[in-house]
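Chemist: any chance you could fold what I've pasted below:
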Amino acid sequence: MPGQWRSISTARRPLAAAGALLAAVILGCGDGEDSARVCDDTLPDNALVIVYFPEGGEEVESGFEVSGCSRTFEANVQWQLTGRDGEVLASGHTTGGGVDGPAPFTFSVEYRAAERQVGRLTVFEEDVSEGEGFPPPRAVVPLVLAATE
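Modeler: The predicted structure is shown next:
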């Protein structure tokens, strides 16, 4: 019996890999090295905010770089880093794609934290529609924040 479980599990691995590859192709995503991923004409009429780096669960230090892709109202992308207790450690804005289509964005995050902790980076579009229509796009990335003191 143990051999059966092993063979079933092994047989599923290629299917899982093929499924992940198919999903990446459908979504227009690259291999992790391609900073453009969906920042082409794949989704020209969709509001979106996607964070490529850092990935969820990564440990970061103050001054870490964030990169992604967006298509937001007037190309305005907001961001906020919160600590374990919900305290805002840093916030700001950058520009990405707008009416002309998706485009990449990058920014740096400087923060102060007395201890190593789990925090979250939220990158989003403000709700300019006052609650009407689709909710604005938002990406939330859980991160391990290195202590700065």
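
Chemist: now do the helices in the chain.
Modeler: For the chain, the helices defined by DSSP state H cover 2-27.

Chemist: need the strands for it, in chain order.
Modeler: With strands called from DSSP state E, the chain shows them at 48-53, 59-60, 64-71, 76-82, 88-95, 103-109, 117-124, 138-145.

Chemist: where do the domain boundaries of the protein fall?
Modeler: Domain ranges of the chain: 1-30, 48-145, per automatic domain parsing.

Chemist: rank the ones you listed by pLDDT, which is bottom?
Modeler: Lowest mean pLDDT of the domains of the chain: domain 1-30, a mean of 37.

Chemist: coming back round to it: to residue 39, which of the domains of the chain lies closest?
Modeler: domain 48-145 (4.1 Å; Cβ to Cβ). All C-beta spots, glycine's among them, are computed from the backbone N, C-alpha and C.

Chemist: mean neighbour count and distance to residue 39 added to the domains of the chain, as CSV?
Modeler: Formatted as CSV, the domains of the chain follow (neighbours: other Cβ atoms under 10 Å; distance: least, Cβ to Cβ, whole Å):
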stretch, mean neighbour count, distance to residue 39
domain 1-30, 10, 9
domain 48-145, 16, 4
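
Chemist: counting neighbours, what do you get for the nearest residue in space to residue 116 that is not next to it in sequence?
Modeler: Nearest residue to residue 116, sequence neighbours excluded (Cβ to Cβ, 6 or more residues apart in numbering): residue 147, at 4.9 Å. Other residues lying near residue 147 total 12 when counted by other Cβ atoms under 10 Å.

Chemist: isn't residue 147 right up against residue 111?
Modeler: No: in this structure, residue 147 is not within contact of residue 111 by Cβ atoms under 8 Å, at 10.5 Å.

Chemist: re earlier: will you turn the strands of the chain into JSON lines that also has distance to residue 132?
Modeler: Putting the strands of the chain into JSON lines (distance: least, Cβ to Cβ, whole Å) gives the following:
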{"stretch": "strand 48-53", "distance to residue 132": "19"}
{"stretch": "strand 59-60", "distance to residue 132": "36"}
{"stretch": "strand 64-71", "distance to residue 132": "19"}
{"stretch": "strand 76-82", "distance to residue 132": "18"}
{"stretch": "strand 88-95", "distance to residue 132": "23"}
{"stretch": "strand 103-109", "distance to residue 132": "25"}
{"stretch": "strand 117-124", "distance to residue 132": "17"}
{"stretch": "strand 138-145", "distance to residue 132": "17"}
